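*Asks:* Got a predicted structure plus its sequence, pasted below:
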Amino acid sequence: MSYLVYLTLLPPFLIGVLLVSWLFLPSRKGNILLFLSLGIPLGFGITACLFFLWAYLFNPSFPGYWLVEVVLLSALFYLTWKQRQHLVTVLPDFKKWQRIDWMAAGLFTLVALIALGSFIAYTTANPHGRYDAWAIWNVRARMLARGGIDWKSVFVPQIFHADYPLLVPLTIARCWVLAGTESIRIPSAVAGLFTFAPAGILIGTLLNLGKKQMSWLAGILFLSTPWVIYFGSLQFADLPLAACIAAAAACLSLALTDRGNASRWLALAGLSSGLAAWTKNEGQLFLVVFVLVSIPAIFLVFRHRKPLNLLLKMGIGLALPLIALLLFKLTLAPANDVVDMGNLNPAFSQLLSPARYVEVIKAYQSYPKGFGSWVVPIPLVFLIVWLLLKPRVNNENRSAVLVLAGLLIFQWLGYFFIYVITPRDLQSHINQSYDRLLMQLFPTFILFMFLFLTAPEKIFKSADE
């Protein structure tokens, strides 16, 4: 029975993959790796929302929830099956692969296997994760799975970060309820799926943009970062959030470059941004940033194509996670322990104090350096390769580059202002959280950097001419 619990992870994954396939098989766009990778944050996010709504109406243990997923899965399977003739368009055409393609894909596979081995080793040594998993995510999952008709009573101010959104704990609790056992295999398996999903999203997105060899390099850069595997194995929610943010950024970038299918990509981008908000409080900041950046971009780029219709599609995607989030925040969640909405005077006082900004900047300078924990300076090697590949902004990538720059800059500024208003000891707060905040943006930053690059074959072709 212990290994059979993994079967509870299959429906959410299939729901996500079939949703993306249904939307994009008719367009003959996309690739199977992108579909599979997007299926992880989208599928598990959707089922976490549905399980929350089921629990809200009844309770987490109320029998019959599995029928909801069976109906949804059946509908998506039927809709996708009707488009099966287009499946060949998203499968890789190995006959067109050159030696360099096989070498790049082989090197990525080797790195991924090493990363997987490291993840399993870390998980074996720490099967319950580390402090945040004990104090927030897994303990919340146990409260939800065991709560029965009294499950709503667990959201009290005395519980550490009781206002945190529920994508991760609901995903784990759902599996436990369906399996009938609180297997420790589930939290680590969920953590593993979300840890490796951003690599597939990066590769799949860049493949869609015609950057075949460089797509594998992006995946290698991500998975070779020691902190990625380490933080993922600790069962923190930062890698799930990173996956949702990367999915939103990738879909928004593809909407701006594959404009014939913009409405489809925007629907997934809206869903992904909403799921980011359903994952952590930092994801709610990202949702605000996403809306503020994407709306003017849509009006500027699609000004001749009824931008309001495109915004409607994005809003449809956003609807389910936003309903779940608002229902949770307005009726169940206690006050936030960083921002006291009942008394904003201390926060405003710090925001208006120039000395506070100097204090935050000094605290940043005292933050231990060395993001990523590389033994070999891979970022320096990447920077050299990046420069050799002649980064450039052109008509093809300009809008996507600007939008991703906006997402990254404004999200980072949001983190900065959180430190400005924090009531905690500032240096301790930064030392304990800043590395994980950067990890939340890391895959999106990699995508941003690779958007600049010209495919090597194009460089060599122009050199020959």
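*Replies:* Thanks, I have it. Residues are numbered from 1 along each chain as shown.

*Asks:* Only alpha carbons, please: show stretch 132-141 as CSV.
*Replies:* The C-alpha coordinates for stretch 132-141 follow below in CSV (Å, rounded to 0.1, in the frame of the first residue of the first chain):
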residue,chain,number,x,y,z
ASP,A,132,8.9,25.2,7.5
ALA,A,133,7.6,21.8,6.4
TRP,A,134,7.1,20.8,10.1
ALA,A,135,5.7,24.1,11.3
ILE,A,136,3.6,25.2,8.3
TRP,A,137,3.0,22.9,5.3
ASN,A,138,2.9,19.3,6.5
VAL,A,139,1.3,20.1,9.9
ARG,A,140,-1.4,22.1,8.1
ALA,A,141,-2.0,19.2,5.8
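
*Asks:* Please spell out which residues along it are buried.
*Replies:* Neighbour-count burial for stretch 132-141 flags 132-133, 136-138, 140-141 (criterion: 16 or more other CB atoms under 10 Å). For every residue, glycine as well, the C-beta is placed using N, CA and C.

*Asks:* Next: stretch 9-19.
*Replies:* By neighbour count with 16+ other CB under 10 Å, stretch 9-19 contains the buried residues 9, 11-19.

*Asks:* out of those, which one sits closest to residue 447?
*Replies:* For the buried residues of stretch 9-19, the minimum distance to residue 447 (CB to CB) is 19.3 Å, reached by residue 16.

*Asks:* wait, what's in contact with the closest one?
*Replies:* Applying CB atoms under 8 Å, 6 or more residues apart in numbering, we find residue 16 in contact with 38-46.

*Asks:* Now pLDDT too, for the residues you listed, in TSV please.
*Replies:* Formatted as TSV, those follow (pLDDT from 0 to 100):
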residue	pLDDT
38	97
39	97
40	98
41	98
42	98
43	98
44	98
45	98
46	98
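
*Asks:* Low-confidence ranges, the stretch 1-150 of the chain, go.
*Replies:* 1 (pLDDT under 70).

*Asks:* of the contacts of residue 16, closest to residue 238?
*Replies:* Scanning these for proximity to residue 238, where the rule is CB to CB, the winner is residue 41, at 13.3 Å.

*Asks:* Under a three-state scheme, what state does that closest one occupy?
*Replies:* helix (DSSP: H, G, I helix; E, B strand; the rest coil).

*Asks:* Now for it: which residues touch it?
*Replies:* Per CB under 8 Å, 6+ apart, neighbours of residue 41: 16, 194, 197, 240, 243-244, 247, 272, 275.

*Asks:* could I get the buried residues of stretch 132-141 as CSV with secondary structure and distance to residue 65?
*Replies:* Conversion of these to CSV gives the following (DSSP: H, G, I helix; E, B strand; the rest coil; distance: CB to CB, whole Å):
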residue, secondary structure, distance to residue 65
132, helix, 27
133, helix, 24
136, helix, 24
137, helix, 21
138, helix, 21
140, helix, 18
141, helix, 15
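
*Asks:* ok, which pair from the residues you listed is furthest apart?
*Replies:* The most widely separated members of the buried residues of stretch 132-141, counting by CB to CB, are 132 and 141 (12.8 Å).

*Asks:* Would you map the helices across the stretch 1-150 of the chain?
*Replies:* Using DSSP state H, counting those that start in this stretch, the helices assigned to the stretch 1-150 of the chain run over residues 10-24, 32-57, 65-81, 99-125, 131-132, 138-147.

*Asks:* which stretch among those helices comes nearest residue 442?
*Replies:* Nearest to residue 442 among the helices of the stretch 1-150 of the chain is helix 99-125 (14.3 Å), distances taken as CB to CB.

*Asks:* How far off centre is the closest one?
*Replies:* 20 Å (CA atoms, centre = their mean, to the nearest Å).

*Asks:* what helices or strands is that helix leaning on?
*Replies:* Contact here means 3 or more CB pairs under 8 Å, 6 or more residues apart in numbering; DSSP states H and E; on that basis helix 99-125 packs against helix 185-208, helix 212-223, helix 226-233.

*Asks:* Pull the contacting residues for residue 314.
*Replies:* Taking CB under 8 Å, 6+ apart, we find residue 314 in contact with 266-267, 269-270, 294, 298.

*Asks:* In terms of distance to residue 349, which of the residues you listed ranks first?
*Replies:* Nearest member of these to residue 349, counting by CB to CB, is residue 294, at 32.7 Å.
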